[in-house]
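# Fold the following and give me the result.
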Amino acid sequence: MIIGLTGTIASGKGTFSNYLKEKGFNYITLSDLVREEARKKRLQIQREILQDIGNSMREKYGKGYWAKKAIEKIDIGENWIIDGIRNIGEVDEIRKVNGSVIIGIDAPEDIRLRRVKKRNKSKEEGRKDSDPKAIEEMKRLEKRDRGFHEPEHGQQVLKCLELANFKIINDSSLEEFYEKIDELLRKIQK
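Residues are numbered from 1 along each chain as shown. Now for the predicted structure:
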């Protein structure tokens, strides 16, 4: 099974993925592929720079570019999570894989803002440098991430959420979030 994962900043995509990794799923994130490209270009690992790189590669090679790169790296006969879907072209590429589903995760803004603040205090690898540091920065970056004033090849998380086969609102306790994930897995595996 291939799960394409999309969602807003700090909605719980990492928690979702870690939970499924414990259940035997493999994991790849498009964000790591973009970070890899940033390192090749000797650019800083900051969310806005990563967004620019993601957009420019989609513009140059097609809207599904990052999903194609991820699919090339995985064994589609195994259970995989492809995290970080931000453009409808990426949704389309993942849907080409037989048995794939797109899952969208969201949470209320106030909860996500608290999570970003908490994450910034930790040393969570990969995210500490790319997460927004202040509420105003978070709001500005999130508008872009969601697709406001973005080109066709740009960030489109809201459109991706609309196209998701299943959605989870992560607005409660960790235990309740895990219950929602388990319930969703039962639905998918029927």
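# Who are the contact partners of the closest residue to residue 101 other than its chain neighbours?
Nearest residue to residue 101, sequence neighbours excluded (CB to CB, 6 or more residues apart in numbering): residue 165, at 4.6 Å. The way it works is simple: take the backbone N, C-alpha and C, and place the C-beta from them, glycine included. Contacts for residue 165 were tallied using CB atoms under 8 Å, 6 or more residues apart in numbering; they are 101-103.
# Low-confidence ranges, this protein, go.
Applying pLDDT under 70 to the chain picks out residues 119-135, 137-138, 140, 143-144.
# residue boundaries of the helices in it?
Using DSSP state H, the helices of the chain run over 13-22, 30-40, 47-61, 65-73, 88-95, 109-121, 135-146, 157-163, 174-189.
# Can you check which of those helices gets nearest to residue 82?
Set against residue 82 and scored by CB to CB, the helices of the chain come closest in helix 65-73, at 5.0 Å.
# what does that closest one contact?
Identification of contacts with helix 65-73 by CB under 8 Å, 6+ apart yields 4, 28, 30, 33-34, 54, 57-58, 62, 82, 84-85, 87, 89-94, 97.
# and the spatially most central residue of the chain, what is it in contact with?
Nearest to the geometric centre of the chain sits residue 84, at 2.2 Å (CA atoms, centre = their mean). Applying CB under 8 Å, 6+ apart to residue 84 gives the contacts 5-6, 13, 29-32, 34, 66.
# This completes my enquiry, with thanks.
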